[in-house]
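> Need the 3D shape of this:
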Amino acid sequence: MLLILDKSYIFAKILKKLNIKLPIKIGITGPESTGKTWLAEQLAAYFKTDYTPEYAREYLLKLNIGRNEFLITATDLAGNQTKKNITIIRFKKIIIMELKVGSNTAIVNDKSLTLDVPPQIINGRTLVPIRFISEAFGAEVIWEPNTKSIKISYKA
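Numbers count the residues shown, from 1 in each chain. Below you'll find the model as predicted:
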């Protein structure tokens with residue numbers, strides 16, 4: 001006897017094995033004509049939820065390295081508009097950073113580095129060393145003693 005399992009059944013089994021609870025959002029990416037739409041439909045049916053058709057490709061933008069400025073306009077059915085300026089900065093390289101609460105060691109792109117101060121949790125908020133993170137992304141950090149503030153500048 002030959003048992004054929006479809007992709008949605010296998011994916012559902014993986015989620016169960018990893019103990020991932022619903023609800024979850026799943027985004028499927030890949031080259032054209034590889035079955036992404038079919039897989040999304042099957043997963044929605046298996047999990048008894050709504051399937052959202054693929055329309056995103058109309059809105060995907062190619063970001064330039066450095067600063068990208070956008071004006072987002074949303075219009076409701078009554079014709080009311082809301083506008084918002086956003087800036088997205090695309091870095092020249094990928095930076096993978098790992099920080100652990102209470103540890104003075106950070107890992108940046110598989111390189112172990114020592115922090116001046118470790119990340120910590122105070123009053124339910126996680127505080128991280130902003131200078132270290134900013135400089136790891138190539139930004140310049142300047143302490144302004146008169147105003148007791150910092151200025152972070154990133155030049156693409």
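> Kindly state the domain boundaries assigned to this structure.
7-58, 97-153 (automatic domain parsing).
> rank those domains by mean pLDDT and give me the bottom one.
The stretch with the lowest mean pLDDT among the domains of the chain is domain 7-58, at a mean of 68.
> re the thing from before, would you tell me which of the domains of the chain gets closest to residue 68?
Among the domains of the chain, the nearest to residue 68 by Cβ to Cβ is domain 97-153 (15.7 Å). Every residue, glycine included, has its C-beta placed from N, CA and C.
> in the chain, which spans are strands?
Here the chain has its strands, by DSSP state E, at 66-75, 81-90, 97-98, 105-108, 111-114, 120-122, 125-127, 140-144, 149-153.
> and those strands, which is most packed in?
Among the strands of the chain, ranked by average contacts under mean count of other Cβ atoms under 10 Å, first place goes to strand 105-108 (a mean of 16).
> who's in contact with it?
95-99, 112-115, 132, 136 (Cβ atoms under 8 Å, 6 or more residues apart in numbering).
> switch to 10 Å and redo it
Residues from elsewhere that reach strand 105-108 (Cβ atoms under 10 Å, 6 or more residues apart in numbering): 95-100, 112-115, 118-119, 128-129, 132-133, 136-137.
> returning to that earlier point: possible to save the strands of the chain as a markdown table with distance to residue 47?
Formatted as a markdown table, the strands of the chain follow (distance: least, Cβ to Cβ, whole Å):
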| stretch | distance to residue 47 |
| --- | --- |
| strand 66-75 | 29 |
| strand 81-90 | 32 |
| strand 97-98 | 32 |
| strand 105-108 | 35 |
| strand 111-114 | 40 |
| strand 120-122 | 34 |
| strand 125-127 | 32 |
| strand 140-144 | 45 |
| strand 149-153 | 42 |
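> Which of the ones you listed sits closest to residue 31?
strand 81-90 (22.1 Å).
> now the closest one: mean pLDDT?
82.
> Now find how far off-centre it is within its chain.
The chain centroid and the centroid of strand 81-90 are separated by 17 Å under Cα atoms, centre = their mean, to the nearest Å.
> ok, now stretch 46-55?
Distance, centroid of stretch 46-55 to centroid of chain: 21 Å (Cα atoms, centre = their mean).
> buried stuff in that stretch?
residue 47 (16 or more other Cβ atoms under 10 Å).
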